[in-house]
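> can't give you the sequence, but here's the structure:
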């Protein structure tokens, strides 16, 4: 019998790392065990946050546009979506002692916007100070992947968005940022190599999660 308690679990990694797939797998496995769980994502997760997501994505689909979002504008839109998501979905779920599985969270902002695009970390930290409160992940799975494998997976995707169109060097930089974050806090982060298409990772993730839940 599992304790009825909330756990906030996040999945991080570059495009093609399999984080969305593995977050869905964990969600389904927990549902089978009748554990109260929700699956959500960033940017998005609520009606208002999904609207902001569409605005962010739309800016990247029009390559012929002369005017693009400044990197700070882009970052502030992500943070605005996060605020809506926290207030309307994550906080209420945690207060009801639900398990929250989130596909991307604050680590993606640090990896992509700060380390990847050079946005000032102080900007992100100052906004987070006001919108996060005491919300922070209890467990973060970082899925690393061989860049060639990630690009192969992206090539096979039927539907692509702006995340799937960065350069190889950008993905390398971002993945290294995720790994750097993981090295700073080994209690929260759990790094897995998801380069192979097998169900072994799914089982490892479930086992790790359940051990955390039992504590």
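Done, it's in. Just so it is clear, the structure is predicted and the values come from calculations on it, not from any experiment.
> now do the phi/psi pair for the residue most central in space within the chain.
The chain has residue 104 as the residue nearest its centroid, 0.9 Å off, counting by C-alpha atoms, centre = their mean. Main-chain torsions, residue 104, degrees, to the nearest 10: phi 80, psi 140.
> touching, residue 82 and residue 130? I think so.
No: counting by C-beta atoms under 8 Å, residue 82 does not reach residue 130; the two are 11.1 Å apart. Bear in mind the C-beta positions are built from the backbone N, C-alpha and C, glycine included.
> lowest-confidence helix or strand of the protein?
The helix or strand of the chain with the poorest confidence is helix 147-155; it has a mean of 84 (mean pLDDT, DSSP states H and E).
> show me what counts as buried in that one.
By neighbour count, and taking 16 or more other C-beta atoms under 10 Å as the criterion, the buried residues in helix 147-155 are 147, 149-151, 153-154.
> please apply the same query to stretch 44-60.
Judged by neighbour count (16+ other C-beta under 10 Å), stretch 44-60 contains these buried residues: 44-46, 48-49, 52-53, 56, 59-60.
> ditto for stretch 176-195
177-178, 181-182, 189-192, 194-195.
> centre of the chain to that stretch, how far?
Computed by C-alpha atoms, centre = their mean, to the nearest Å, the chain-centroid distance of stretch 176-195 equals 13 Å.
> so the residue nearest to the centre of the chain versus residue 192, what's the distance?
Distance of residue 104 to residue 192, given as C-beta to C-beta, to the nearest Å: 16 Å.
> now swap in residue 146 and tell me
Distance, residue 146 to residue 192, using C-beta to C-beta: 13 Å.
> and if you look at residue 111?
Distance from residue 111 to residue 192, by C-beta to C-beta: 16 Å.
> residue 85 too?
Residue 85 is 25 Å from residue 192, by C-beta to C-beta.
> what's the nearest residue to the residue nearest to the centre of the chain once chain neighbours are set aside sitting at in phi/psi?
Residue nearest to residue 104 in three dimensions, not counting chain neighbours: residue 42, with 4.4 Å by C-beta to C-beta, 6 or more residues apart in numbering. Residue 42 adopts backbone torsions of phi -130, psi 150, taken as degrees, to the nearest 10.
> contacts for the host helix or strand of residue 92 next, please.
According to DSSP states H and E, residue 92 maps onto helix 91-95. Residues outside helix 91-95 that contact it (C-beta atoms under 8 Å, 6 or more residues apart in numbering) are 6, 8, 38, 100, 133, 135.
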